[in-house]
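Engineer: here's my sequence, what's the structure:
(one chain, ligands or ions: 2)
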Amino acid sequence: MEPMVVVRNLAKTYHNNGRAIQAVTNVSFEIGEREIFSLLGPNGAGKTTTISMISGLLAPTAGDATIGGHSITREPLAAKRLLGVVPQEIALYPSLTARQNLEFFGRIYGLSGAELARRVDEVLDFTDLRERQNDRVDTFSGGMKRRVNIGVGLIHKPRLIYMDEPTVGIDPQNRRRVLDTVLRLREEMGMTVLYTSHLMEEVQEISDRVAIMDHGEIIALGTVGELIQKVGEEDRLIFSVGQQTPPETLLAAFRGVAGVTGVAFERRETAGNNGEAVDGDGKLTVVAKRGRKALPDLLRLANEAGLNVLSVEVREPDLEAVFLQLTGRALRD
Ligand SMILES: Nc1ncnc2c1ncn2[C@@H]1O[C@H](COP(=O)(O)OP(=O)(O)OP(=O)(O)O)[C@@H](O)[C@H]1O
Ligand SMILES: [Mg+2]
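Structural biologist: Ligands and ions are numbered 1, 2, ... in the order given. Modelled structure (predicted):
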């Protein structure tokens, strides 16, 4: 099957007061039909610029993209018909009701009469806004406005939808709702989704494949599993031990446990009441393949050595670790 989206060597240079900003450099990827594909990257990575080019809102400096086989630069009308866009900035008429907003944008796409009314009803149901359809949008919460915004992107029944950071600035419950909506778009409507976010957890949860962007380039691309394999399959087990210091013999014993590849003890200095440096709490970090399996042995050894473990945190490898390994920086700013 032909891919839904083909992106080839896209690049964008902005010119600001005579200064050139290379926002996107040579970006290429494909998205299959019914795939949920995410661009993950920190602020300023070039996600919105990339999405704007493949939605025909911004002319590329180089390269091209096709949607359903139609070039966004040479056949923009045919390409855009297949596409719904949910922009990063909410774009609604605040003094109109939810229903009126959907009707307005539906008319832009050429819908009218009974067809428009039916389509608006479907979208109100899908976004769970039927009860509030006749209230003005400026009386809505951020999460509800976001749902109207998503509805606008769906009004003409596109086959592909772009969502640019749709969970930014909304509470956890509404964030959960947006993620469920993305999954339902594929399950119930057979849609293809291009999603962007700087939040590792949500990208990891919903995506079939992920392109990690940094400084305008794709630095890694694959399924979540493939990307995580790049950093190996090792878990980190972090034991909090308070003011205690584990004996060297215990560290050596930890190193002998099956699966363990690294053991380190660290105590950070913190500021005391008068600003003087005092010993902070100690953390014993164990790197291990299948860390949960090693845990009972490690706890038994600690107990035998008289070390009182206050808490244990198990960190499985995740996209955060992938970004850290590739860039030497944390994904969160
Ligand atoms: N209109 C513009 N003019 C000049 N520079 C721009 C413009 N839009 C974006 N940039 C620059 O291009 C780079 C990429 O920005 P972009 O908005 O694509 O990043 P992003 O990944 O979407 O970030 P965020 O997570 O903050 O939304 C940044 O350095 C930004 O400052
Ligand atoms: Mg952006």
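
Engineer: what segments of the stretch 51-200 of the chain are helices?
Structural biologist: 76-81, 98-108, 113-126, 142-154, 172-189, 200-206 (DSSP state H, counting those that start in this stretch).

Engineer: deepest in the core, which of these is it.
Structural biologist: Each of the helices of the stretch 51-200 of the chain was scored by mean neighbour count; the highest is helix 142-154, a mean of 22, by mean count of other CB atoms under 10 Å. C-beta here means a position set from N, CA and C on the backbone, and glycine is covered the same way.

Engineer: now that one and helix 98-108, what's the angle there?
Structural biologist: 20 degrees (axes from the mean of the first three to the mean of the last three CA atoms, to 10 degrees).

Engineer: just the CA atoms of stretch 81-92, as PDB, please.
Structural biologist: Provided in PDB are the C-alpha atoms of stretch 81-92 (Å, rounded to 0.1, in the frame of the first residue of the first chain):
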ATOM      1  CA  ARG A  81      -8.800  17.900   1.000                       C
ATOM      2  CA  LEU A  82      -7.400  14.700   2.700                       C
ATOM      3  CA  LEU A  83      -6.000  16.600   5.700                       C
ATOM      4  CA  GLY A  84      -7.400  18.000   8.900                       C
ATOM      5  CA  VAL A  85      -5.200  20.300  11.100                       C
ATOM      6  CA  VAL A  86      -5.400  20.900  14.800                       C
ATOM      7  CA  PRO A  87      -3.000  23.800  15.400                       C
ATOM      8  CA  GLN A  88      -0.900  24.400  18.400                       C
ATOM      9  CA  GLU A  89      -2.600  27.700  19.100                       C
ATOM     10  CA  ILE A  90      -6.300  27.400  19.600                       C
ATOM     11  CA  ALA A  91      -8.100  29.100  16.700                       C
ATOM     12  CA  LEU A  92     -11.800  29.500  17.400                       C
END
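
Engineer: mind listing what's buried in that stretch?
Structural biologist: The neighbour-count check on stretch 81-92 (16 or more other CB atoms under 10 Å) flags 81, 82, 83, 84, 85, 86, 87, 88, 90, 92 as buried.

Engineer: how far does that stretch sit from its chain's centre?
Structural biologist: Its chain's average C-alpha position is 17 Å from that of stretch 81-92, according to CA atoms, centre = their mean, to the nearest Å.

Engineer: and for stretch 16-26?
Structural biologist: 25 Å.

Engineer: and it, anywhere near ligand 2?
Structural biologist: No. Counting by CB under 5 Å from the ion, ligand 2 is not contacted by stretch 16-26; separation bottoms out at 10.5 Å.

Engineer: that stretch and ligand 1 in contact?
Structural biologist: Yes. Using CB under 6 Å from any ligand atom, stretch 16-26 comes into contact with ligand 1 via 16, 21, 23.

Engineer: okay, and which of the residues you listed map to strands?
Structural biologist: 16, 21, 23 (DSSP state E).

Engineer: tell me the one of these nearest ligand 2?
Structural biologist: residue 23 (10.5 Å; CB to the ion).

Engineer: which non-adjacent residue is nearest that closest one?
Structural biologist: Sequence neighbours aside, residue 49 is the residue nearest to residue 23 in space, at 4.5 Å (criterion: CB to CB, 6 or more residues apart in numbering).

Engineer: if you count contacts, what does the strand or helix carrying that neighbour end up packed against?
Structural biologist: Assignment of secondary structure by DSSP states H and E places residue 49 within helix 47-54. With contacts taken as 3 or more CB pairs under 8 Å, 6 or more residues apart in numbering; DSSP states H and E, helix 47-54 sits against strand 5-16, strand 19-31, strand 36-40, strand 62-67, strand 160-164, strand 192-197.

Engineer: rerun at 6 Å
Structural biologist: strand 19-31, strand 160-164 (3 or more CB pairs under 6 Å, 6 or more residues apart in numbering; DSSP states H and E).

Engineer: now check that helix, is it near ligand 2?
Structural biologist: Yes. On the criterion CB under 5 Å from the ion, helix 47-54 is in touch with ligand 2 at 47, 48.

Engineer: which residues sit against that helix?
Structural biologist: 10, 12, 23-24, 27, 39, 41, 58, 60, 65, 88, 162, 164, 196, 213 (CB atoms under 6 Å, 6 or more residues apart in numbering).

Engineer: which parts of this structure belong to which domain?
Structural biologist: Domain ranges of the chain: 5-230, 234-316, per automatic domain parsing.

Engineer: least reliable of those domains going by mean pLDDT?
Structural biologist: Among the domains of the chain, domain 234-316 carries the lowest mean pLDDT, at a mean of 89.

Engineer: PyMOL command for the buried members of the ones in strands among the residues of stretch 16-26 next to ligand 1?
Structural biologist: Per 16+ other CB under 10 Å, the buried members of those correspond to this PyMOL selection:
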select buried, resi 23
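
Engineer: just the closest residue of this structure to ligand 2, please.
Structural biologist: residue 48 (3.1 Å).
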